[in-house]
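Colleague: need coordinates for the following:
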Amino acid sequence: MNEFFAGARPGVQASFEDASFELPILYFRDDLFVMFFTADLEKVRAAMPSGRLHPVTFFGNKALVGIAAFNYLNTTIGPYGEIGIVLPAIYGDKPSIGVVPAMMESRWPGFGVVVAHLPVTKTTARDAGRGQWGYTKFVADMKFANTPEYHQVEMSEEGEHILTMRVMKKGFVKRDNKPLITYSVLNNELIRTRIPQKGTCRVCLNTTGSHLMLGDHPVARSIEALGVGPKPVMTRYYIERSGILPAGEVIERDVAALDGYKGKDREGIHETSYLP
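Modeller: As a prediction, this is how the structure comes out:
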């Protein structure tokens with residue numbers, strides 16, 4: 001185990017439904033690619049479970065919506081796929097200006113993402129996520145493609161198309177050793193989870209070639225209902241990345257429920273192809 005994971009074991013055993021796992025969960029290797037869209041500010045604000053969560057604004061009158069695809073290849077709970085539909089937000093004091101996602105983590109210590117939907121390909125990952133963190137997980141089918149030009153994933157539920165996203169492999173290179181911070185709701189308590197990560201990514205503001213296609217699934221319609229723009233304003237993909245997922249902390253009580261779409265009780269499909 002390398003230096004980044006030093007001290008992570010022995011951990012603490014946890015179990016929910018059929019999921020039994022050790023905390024923190026260790027992510028040794030994954031493919032992560034992300035796109036950000038502008039969205040309707042008032043609609044995103046209405047989706048916040050707490051009045052202390054303020055949507056990050058873009059040019060003053062737009063909110064941001066992120067879609068992040070994780071292809072977990074080597075973890076302590078096995079390989080699986082996950083896609084996060086997230087709402088960048090600041091917890092605490094309302095920010096006076098909007099800032100682009102690549103810069104805001106250090107300026108605003110309350111920065112994180114509210115997890116609106118978090119589909120996964122395994123029931124154990126669903127049960128662990130909902131039981132431990134209140135993450136809005138359901139089981140979906142994901143087919144990842146990794147080529148020299150792009151990352152892509154097609155997500156569906158028993159043949160019903162949810163979304164297809166493609167992120168081109170371009171942009172400036174930067175190290176990203178800042179933790180990923182998520183906000184979720186468990187039993188009407190707001191949970192903040194600080195996820196240490198270490199990696200190298202490429203950030204791109206010229207998003208030509210990257211795109212998102214939405215189906216007619218309820219989750220796809222909920223993304224459309226946020227008023228997302230027609231093309232991404234920024235993309236990011238990781239050349240290499242590792243992460244550590246610990247238990248979260250309660251930071252506020254008596255917040256609104258954030259249950260998300262629950263789907264069916266089934267195992268999902270997780271496929272990866274490497275195309276020339």
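Colleague: which residue packs closest to residue 209, ignoring adjacent ones?
Modeller: Leaving out its chain neighbours, the residue that sits closest to residue 209 by C-beta to C-beta, 6 or more residues apart in numbering is residue 168, at 4.2 Å. Where C-beta positions appear, they are placed from N, C-alpha and C, glycine not excepted.
Colleague: my bad, should have said residue 141
Modeller: residue 269 (3.9 Å).
Colleague: returning to what we had before: okay but the residue nearest to residue 209 is in contact with residue 211, surely?
Modeller: No. Between residue 168 and residue 211 there is no contact under C-beta atoms under 8 Å: 9.2 Å.
Colleague: from residue 125, how far off is the residue nearest to residue 141?
Modeller: Remark: distance between residue 269 and residue 125 (C-beta to C-beta, to the nearest Å) = 14 Å.
Colleague: settle it for me: which of these two has more neighbours?
Modeller: Set residue 269 next to residue 125 and count neighbours by other C-beta atoms under 10 Å: residue 125 wins out with 26 against 15.
Colleague: can you tell me the SS state at the more buried one?
Modeller: At residue 125 the chain is in helix, as set by DSSP: H, G, I helix; E, B strand; the rest coil.
Colleague: the residue nearest to residue 199 when sequence neighbours are not counted: how many residues sit nearby?
Modeller: Once flanking residues are discounted, residue 199 sits nearest to residue 241: 3.2 Å by C-beta to C-beta, 6+ apart. When neighbours are defined as other C-beta under 10 Å, residue 241 has 19 of them.
Colleague: contacts only, for residue 241.
Modeller: Residues in contact with residue 241 (C-beta atoms under 8 Å, 6 or more residues apart in numbering) are 27, 29-30, 32, 176, 197-201.
Colleague: kindly report the same for residue 158.
Modeller: Applying C-beta under 8 Å, 6+ apart to residue 158 gives the contacts 141, 264, 266.
Colleague: which of those has the largest number of neighbours?
Modeller: When the contacts of residue 158 are compared by neighbour count (other C-beta under 10 Å), residue 141 ends up highest, at 21 neighbours.
Colleague: quick check, residue 221 in a helix?
Modeller: Yes. Membership of residue 221 in a helix is supported by three-state DSSP.
Colleague: which strand residues bridge the closest residue to it other than its chain neighbours?
Modeller: Among residues not flanking residue 221 along the chain, residue 214 sits closest, at 8.0 Å (C-beta to C-beta, 6+ apart). Residues in a beta bridge with residue 214, per DSSP bridges, are residue 163.
Colleague: ok so, going back, just checking, the residue nearest to residue 141 touches residue 153?
Modeller: No. Between residue 269 and residue 153 there is no contact under C-beta under 8 Å: 11.8 Å.
Colleague: identify the contacts common to those two.
Modeller: Common neighbours of residue 269 and residue 153 (criterion: C-beta under 8 Å, 6+ apart): 142-143.
Colleague: isn't the residue nearest to residue 221 up against residue 220?
Modeller: Yes. Counting by C-beta under 8 Å, residue 214 does reach residue 220; the two are 4.1 Å apart.
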